[in-house]
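In: coords please:
(chains A and B)
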Protein chains: 2
Amino acid sequence: MAVVAAGHTQFGPLRRTAKDLFTEAFLQCLDSADRGLDPARVGEAWIGSLGFGGWQLGNLAALLTAHARLPFIPAQRVENACASSGFAFRDAYLAVKAGAVDVAVAGGVEVMNDLTAVRQRYWLGVSGDTEWERLAGLTFPGVYALMARRHMTEFGTTREDLAAVAVKNHQNGARNPKAQFRKEVTAEEVLRSASVADPFTVYDCCGVTDGATCVVLASAAAAKEFTDTPVWVAGSGAATDHLALHDRESLTELAATRRAAAGAFRQAGLSGRDVDVAEVHDCFTIAEILAVEDLGWCAKGEGGKFTASGATGLDGEVAVNASGGLKAKGHPLGATGTGQVYEIFHQLRGTAEGRLRAGAEIGLTHNVGGSGATCAVHVFSR
Amino acid sequence: MAVVAAGHTQFGPLRRTAKDLFTEAFLQCLDSADRGLDPARVGEAWIGSLGFGGWQLGNLAALLTAHARLPFIPAQRVENACASSGFAFRDAYLAVKAGAVDVAVAGGVEVMNDLTAVRQRYWLGVSGDTEWERLAGLTFPGVYALMARRHMTEFGTTREDLAAVAVKNHQNGARNPKAQFRKEVTAEEVLRSASVADPFTVYDCCGVTDGATCVVLASAAAAKEFTDTPVWVAGSGAATDHLALHDRESLTELAATRRAAAGAFRQAGLSGRDVDVAEVHDCFTIAEILAVEDLGWCAKGEGGKFTASGATGLDGEVAVNASGGLKAKGHPLGATGTGQVYEIFHQLRGTAEGRLRAGAEIGLTHNVGGSGATCAVHVFSR
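Out: I've put the predicted structure just below:
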């Protein structure tokens, strides 16, 4: 099975509607298939969305597919916090694998900038634990800051190591025309910017983003209709974990990442060492450090030093977040998972202009919901 | 593939939490498997929920599965309006069919009675069209009342025909210990009760309901571990339609029902005539009349007379809503789809005590989202 087409709107504060954004991403998909793609070939659709925009528009899957020239097909909304479209992609993958359809759409959309900061905190907050965290005043920057502090204490990770993630991802994002933040930042700027939740400053945190993304999956037989250079899905893994931090075994790893990755790598017959290019869920700088450890690119505790050494740069051991990641490309929650697939699609086809990991053979996407309560990992090959 | 276990809480205004309700439904599942079921055998879960209870608790799938003794497995929330768990069931079915897991959970939960009537109207309203219907003041009773009036005008369906649906479903619900409304009503009582949206009175409308439901699907090989009397899934179909009524071809049929049923019957190699017992989406009395037509049990326009003739009673041509349906059993939105599967599971195994369609061989579930924008149909055999 393969990804044969991909679409991705500009990310940022856009003042556009969910219908408009999703339709643009889907129409880009149609155009991106080398031999074109008739919407009538699509058998079913899964769309990730956390329901931002105050959830003003319901029955979203039917609404969006009809508007995007995909009327009448089975369609559903998947909501798994920030991993919504990572799981939508998994559903579409399973449907094609089951032979129920031979061409399926997975996508995602979020409109976040039409809400006040107060409402944003509420909608974001509910993706973490409510009973023990949110109602006590703990929001996501605080949750991840706790993980960062613990990582610093246990492993000697430094403030500068965290900043190295932001510097790298802004460097990459500056070269991505679809990124929300297209500017480089220095480590000094990261350290000196306004504090959000100690040890994080503004530059340790992803933005508040609108956008939509969409990809088309096809069976091996159907893929040939659309392109000679499909990107193969080699493995799909997913997992959950306890929602509240205090229920987890450790504050310095995301067990859901480890479990999801184990499943995806087992199916692919590969390991972390085989991956050339990866999009990982860097909602905060510490999240990327945890990810490079939990996905097997370095030992637990060494993610900070590994990043600071340049090993995750475009020409490093593994190119992590060549797109700019959630940090610089932006994080329109429900659209992030299939946005990661869009990037890997272009990386493995050699069309990620300006930010290409040259010669990449194996790619990976890593999409996390909440502070690690859900995770979907996919492995791709060209 | 088969359903091997099923759980279903009491339906009604319960003053209980989503976590509590879903866990009860899942633990019932474990107990209902004839040879027991170790939660460790479950590979993945899909949970339908519209997000009532004001969506106070997010990351619902991870939260509920951990609380229900299903920690760490892949899990996701499916939101497709009132068809959420019908689609969750389809996802679980596709995953087992794909061979990704051999035992999967599909379930649903809704807590509606902790909201004020004003908030209920908002949350329910968004499942219909917002831009052309809800913001103009049209809520669901009004939407379905438009369909009913049109059906009466085109086909001579009478107010008494509509009432016949309520009378039958309350008769059945009175025999279902889990139903919200366990009392019979006469046609006179239906006609004389308070008007909601002409031609509907209170008894034409389903209730506001809390509850959870859950079923376990297993591959043919795995099913033998749990029971000698599995209920086989013979076909799965799903479809969407335009959300706003004015965009549809007709006000007197749900095209999504026809499309979804065609898919499910094709896969099963069966037709509507083969069905002995069916749970259909009777959120309003007219909805059941449309369903019996669109599912192929009588010609378009004859659903009212067909119902009034007793053809859909427990001993009629096809027993429709033996559980009491949404009308009398209750309609906890996200829990309805797998609640329908629970009923068919017991009907085909002969364990639907007090409301059994004797000797039923083929069963069907029909779950609709919004006023027909989404639909999932499943066909079962024993």
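In: can you show me the helices along chain A?
Out: Using DSSP state H, the helices of chain A run over residues A:18-32, A:60-67, A:84-97, A:117-125, A:140-155, A:159-173, A:187-192, A:220-226, A:255-268, A:285-294, A:303-308, A:325-329, A:336-349.
In: buried sites along the lowest-mean-pLDDT helix or strand in chain A?
Out: Between all helices and strands in chain A, the lowest mean by mean pLDDT, DSSP states H and E belongs to helix A:117-125, at a mean of 82. Across helix A:117-125, burial judged by 16 or more other CB atoms under 10 Å in any protein chain shown covers A:120, A:122, A:123, A:124, A:125. For glycine as for every other residue, the C-beta is placed from the backbone atoms N, C-alpha and C.
In: give me the distance between that helix and the centre of its chain.
Out: 20 Å (CA atoms, centre = their mean, to the nearest Å).
In: what do you get for stretch A:256-265?
Out: Here stretch A:256-265 is found 15 Å from its chain centre; the criterion is CA atoms, centre = their mean.
In: in contact with residue A:372, which residues?
Out: Counting by CB atoms under 8 Å, 6 or more residues apart in numbering or on different chains, residue A:372 makes contact with A:241, A:248, A:254, A:255, A:256, A:257.
In: please name the nearest non-neighbouring residue to it.
Out: With sequence-adjacent residues excluded and distances taken as CB to CB, 6 or more residues apart in numbering or on different chains, residue A:372 is closest to residue A:254, at 3.8 Å.
In: what about the one you found, neighbour count?
Out: Each residue near residue A:254 was counted by other CB atoms under 10 Å in any protein chain shown, and the total is 28.
In: before we move on, what about residue A:67?
Out: 18.
In: let me know the pLDDT of it.
Out: With respect to pLDDT, residue A:67 scores 94.
In: could you dump stretch A:15-35 to CSV, C-alpha only?
Out: In CSV, the C-alpha atoms belonging to stretch A:15-35 read as follows (Å, rounded to 0.1, in the frame of the first residue of the first chain):
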residue,chain,number,x,y,z
ARG,A,15,-8.9,33.8,8.7
ARG,A,16,-10.3,31.0,6.6
THR,A,17,-13.0,28.4,7.3
ALA,A,18,-12.5,24.7,7.9
LYS,A,19,-14.5,23.9,4.7
ASP,A,20,-12.3,26.2,2.7
LEU,A,21,-9.0,24.9,4.1
PHE,A,22,-9.9,21.2,3.8
THR,A,23,-11.1,21.6,0.3
GLU,A,24,-7.9,23.4,-0.7
ALA,A,25,-5.8,20.5,0.8
PHE,A,26,-7.9,17.9,-1.0
LEU,A,27,-7.8,19.7,-4.4
GLN,A,28,-4.0,19.9,-4.0
CYS,A,29,-4.1,16.1,-3.5
LEU,A,30,-5.9,15.6,-6.8
ASP,A,31,-3.4,17.8,-8.6
SER,A,32,-0.4,16.2,-6.9
ALA,A,33,-1.0,12.7,-8.3
ASP,A,34,1.3,12.4,-11.3
ARG,A,35,-1.4,11.2,-13.6
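In: ok, so of the buried residues of helix A:117-125, who is nearest residue B:350?
Out: residue A:123 (47.1 Å; CB to CB).
In: quick one: pLDDT of the closest residue to residue A:91 other than its chain neighbours?
Out: Leaving aside its sequence neighbours, residue A:91 sits nearest to residue A:46 (CB to CB, 6+ apart; 4.4 Å). We have a pLDDT of 98 for residue A:46.
In: check residue A:55 too.
Out: 60.
In: what count of nearby residues applies to the residue in the stretch 251-382 of chain A that chain B sits nearest to?
Out: Closest contact between the stretch 251-382 of chain A and chain B, by CB to the nearest CB, is at residue A:373 (3.8 Å). Summarising burial for residue A:373: neighbours were counted as other CB under 10 Å, giving 33.
In: among the contacts of residue A:372, which one sits closest to residue A:98?
Out: Scanning these for proximity to residue A:98, where the rule is CB to CB, the winner is residue A:256, at 24.4 Å.
In: show me the contacts for that closest one.
Out: A:239, A:240, A:241, A:368, A:372, A:373, A:374, A:375, B:72.
In: recalculate using a threshold of 6 Å.
Out: Contact partners of residue A:256, counting by CB atoms under 6 Å, 6 or more residues apart in numbering or on different chains, are A:239, A:240, A:241, A:372, A:375.
In: residue B:190 versus the first one, what's the distance?
Out: Noted for residue A:239: a distance of 50 Å to residue B:190, by CB to CB, to the nearest Å.
In: what's opposite residue A:237 in the beta bridge?
Out: On the basis of DSSP bridges, residue A:237 is bridged to residue A:377.
In: hmm, residue A:102 is touching residue A:223, no?
Out: No: using CB atoms under 6 Å, residue A:102 makes no contact with residue A:223, being 9.1 Å away.
In: neighbour count for the two, which is higher?
Out: Shown here are residue A:102 and residue A:223; by other CB under 10 Å, residue A:223 has more neighbours (23 against 19).
In: test my guess that the more buried one contacts residue A:4.
Out: Yes: using CB under 6 Å as the test, residue A:223 is close enough to residue A:4 to be in contact (5.2 Å).
In: what's the overlap in contacts for those two?
Out: Contacts common to residue A:223 and residue A:4, judged by CB under 6 Å, 6+ apart, are residue A:230.
In: show me where the stretch 1-150 of chain A dips below the pLDDT cut-off.
Out: Scanning the stretch 1-150 of chain A with the threshold set as pLDDT under 70 gives A:52-55.
In: how about the residues of it by chain B?
Out: Residues of the stretch 1-150 of chain A lying close to chain B (CB under 6 Å from any CB of the partner chain) are A:57-59, A:62-63, A:66, A:72, A:74-81, A:87, A:91, A:94-95, A:97-98, A:100, A:126-127, A:130.
In: circling back to that earlier point, number of nearby residues for the residue nearest to residue A:91?
Out: 32.
In: is it true that it touches residue A:105?
Out: No: applying CB under 6 Å as the test, residue A:46 and residue A:105 come out as separate, 7.3 Å apart.
In: before we move on, the earlier item: any idea which of the helices of chain A is most buried?
Out: The highest mean neighbour count among those, using mean count of other CB atoms under 10 Å in any protein chain shown, belongs to helix A:325-329: a mean of 32.
In: who touches that one?
Out: A:11, A:169, A:170, A:173, A:176, A:179, A:181, A:206, A:282, A:283, A:323.
In: identify the residues contacting the second one.
Out: Spelled out, that is residue A:169. Contacts of residue A:169 by CB under 6 Å, 6+ apart are A:321, A:324, A:325, A:327, A:328.
In: excluding chain neighbours, what is closest to the residue in the stretch 151-300 of chain A that chain B sits nearest to?
Out: When distances are taken as CB to the nearest CB, the stretch 151-300 of chain A reaches nearest to chain B at residue A:238, 3.5 Å away. Nearest-residue entry for residue A:238: residue B:74, 3.5 Å, with adjacent residues in sequence omitted and distances by CB to CB, 6+ apart.
In: which residues does that neighbour contact?
Out: Applying CB under 6 Å, 6+ apart, the residues near residue B:74 are A:238, A:239, B:44.
In: gap between the first one and residue A:91?
Out: Note on residue A:238: its distance to residue A:91, by CB to CB, is 10 Å.
In: okay, and the beta partners of residue A:201?
Out: For residue A:201, the beta-bridge partners under DSSP bridges are residue A:195.
In: quick check, it in contact with residue A:193.
Out: Yes: counting by CB under 6 Å, residue A:201 does reach residue A:193; the two are 4.2 Å apart.
In: more crowded one of the two?
Out: A direct count of neighbours by other CB under 10 Å for residue A:201 and residue A:193 places residue A:201 higher, at 21 against 17.
In: may I see the buried residues of stretch A:100-118?
Out: A:100-115.
In: cool, and stretch A:352-363?
Out: By neighbour count on 16+ other CB under 10 Å, the buried set for stretch A:352-363 is A:352, A:355, A:356, A:357, A:360, A:362, A:363.
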